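[1] pasting the sequence and the predicted model now:
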Amino acid sequence: MADFFKDTESKMGKCVDATRAEFAAVRTGRATPALLDRLHVEAYGSAVPLKQVASVATPDARTLVITAFDKNTVGDIRKAIEKSDLGLTPNIDGTTIRLIIPPLNEERRKDLVKLIKKKAEDGKVAVRNVRHKAHDDLKAQLKSHEITEDDNKRMQDHLQKLTDRFVKDIDALVASKEKDIMEV
């Protein structure tokens, strides 16, 4: 029984982590290296994560500085940034690429909040899918007489509490990210 809930809790935790990662890729008014985490660069004949071909630093709240390890990949990094949905224009200086993060206008902020809420709902659906799978497993165990009706009831209650806890975690992430986005 403990293994059953450890596995379920682990899967729900992964859903929250995936939602957190999705949120990190959403641009706020501040520069953060996490903006570039999902960026892949066509270099050395294949698509590689940006972190493998360059380092990313934030000298101030509105600037990202990308320093290529190999000067031959600077053009590839520039192309990857321009093709991405970040909407940023790279400024190239030798092996260094600067990205200036412009302040967000009110309309764009509201759009980003809507996007965050949609991503949060996707995360909640993933948590509920894990609950649904666990619920089906419990039903199967009850049907095959591996657990009793009382055990089933207790486990269903515990499963719902787990689900509520992880959904609350996602709600907390939304509140935090929304505060970040709406901050001027």
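    Nice, thanks for sending it over.
[2] and the longest helix anywhere in the chain, what's buried?
    Identified as the longest helix of the chain according to DSSP state H is helix 106-143. By neighbour count on 16 or more other Cβ atoms under 10 Å, the buried set for helix 106-143 is 109, 112-113, 116, 119-120, 123-124, 126-128, 130-131, 134-135, 138, 141-142. C-beta: built from backbone N, CA, C; applies to glycine.
[3] may I see the buried residues of stretch 155-175?
    Buried residues in stretch 155-175 (16+ other Cβ under 10 Å): Met155, Gln156, Leu159, Leu162, Thr163, Phe166, Val167, Asp169, Ile170, Leu173, Val174.
[4] a markdown table for these, including distance to Asn91, pLDDT and secondary structure?
    A markdown table is the format used below for the buried residues of stretch 155-175 (distance: Cβ to Cβ, whole Å; pLDDT from 0 to 100; DSSP: H, G, I helix; E, B strand; the rest coil):
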| residue | distance to Asn91 | pLDDT | secondary structure |
| --- | --- | --- | --- |
| Met155 | 57 | 92 | helix |
| Gln156 | 57 | 92 | helix |
| Leu159 | 52 | 93 | helix |
| Leu162 | 48 | 94 | helix |
| Thr163 | 47 | 95 | helix |
| Phe166 | 42 | 95 | helix |
| Val167 | 42 | 95 | helix |
| Asp169 | 38 | 95 | helix |
| Ile170 | 37 | 95 | helix |
| Leu173 | 32 | 93 | helix |
| Val174 | 33 | 93 | helix |
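[5] and the most centrally placed residue in the chain, how far from Met155?
    Against the mean C-alpha coordinate of the chain, by Cα atoms, centre = their mean, the closest residue is Ala21 at 1.8 Å. According to Cβ to Cβ, to the nearest Å, Ala21 stands 30 Å off from Met155.
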